[in-house]
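1. Need the 3D shape of this:
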Amino acid sequence: QVQLVESGGGLVQPGGSLRLSCAASGSIFSIYLMGWYRQAPGKQRELVAVITSGGSTNYASSVKGRFTISRDNAKKTVYLQMNSLKPEDTAVYSCNVRGRLAGSPGGDFTSWGQGTQVTVSS
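-> Below is the predicted model:
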């Protein structure tokens, strides 16, 4: 009922930048929270950044000051601007959206994007 389409991953040199996007569509009444997670090979998935409907943000300490999360509520899209990328940022990045479904029976939903690879290497 809710689909997420991610874009923007790729290969970048250390110190470079990338911008990820994640657009939500489907039977959405409202979105509470949008966020980005990442999973590196052999590691558990970890929170990168989240943003509430009101614009409050929270970041992992490892990315604070380098990454910026933002959202366009009208477009139901969340962005992750990643600057000063490091090799340790290499991972599959997935967006997560939580909200309320439209129509009946409605209810809350949590959806995940398909994941996009970010590789930081020289």
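2. Please report phi then psi for the nearest residue to Gly15 once chain neighbours are set aside.
-> Computed as Cβ to Cβ, 6 or more residues apart in numbering, the closest residue to Gly15 that is not its neighbour in sequence is Ser84, at 6.1 Å. Every C-beta, even on glycine, is put in place using the N, C-alpha and C of the backbone. Note on Ser84: backbone dihedrals following degrees, to the nearest 10 are phi 50, psi 50.
3. Return the residues in contact with Ser84.
-> Neighbour list for Ser84: 15, 17, 66 [criterion: Cβ atoms under 8 Å, 6 or more residues apart in numbering].
4. per-residue pLDDT, it?
-> If you check Ser84, the pLDDT there is 98.
5. Next, find the distance separating it from Lys76.
-> Distance, Ser84 to Lys76, using Cβ to Cβ, to the nearest Å: 28 Å.
6. count of residues packed around the nearest residue to Leu80 once chain neighbours are set aside?
-> Nearest non-adjacent residue to Leu80, counting by Cβ to Cβ, 6+ apart: Leu20, 4.3 Å away. Look at Leu20: counted by other Cβ atoms under 10 Å, it has 24 neighbours.
7. how about Leu20, phi and psi?
-> Dihedral angles of Leu20 (phi, psi; degrees, to the nearest 10) stand at phi -100, psi 150.
8. For the contacts of Ser84, give me JSON lines that also has neighbour count, pLDDT and distance to Gly107.
-> Listed next are those as JSON lines, based on neighbours: other Cβ atoms under 10 Å; pLDDT from 0 to 100; distance: Cβ to Cβ, whole Å:
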{"residue": "Gly15", "neighbour count": "11", "pLDDT": "98", "distance to Gly107": "44"}
{"residue": "Ser17", "neighbour count": "11", "pLDDT": "98", "distance to Gly107": "38"}
{"residue": "Arg66", "neighbour count": "15", "pLDDT": "98", "distance to Gly107": "36"}
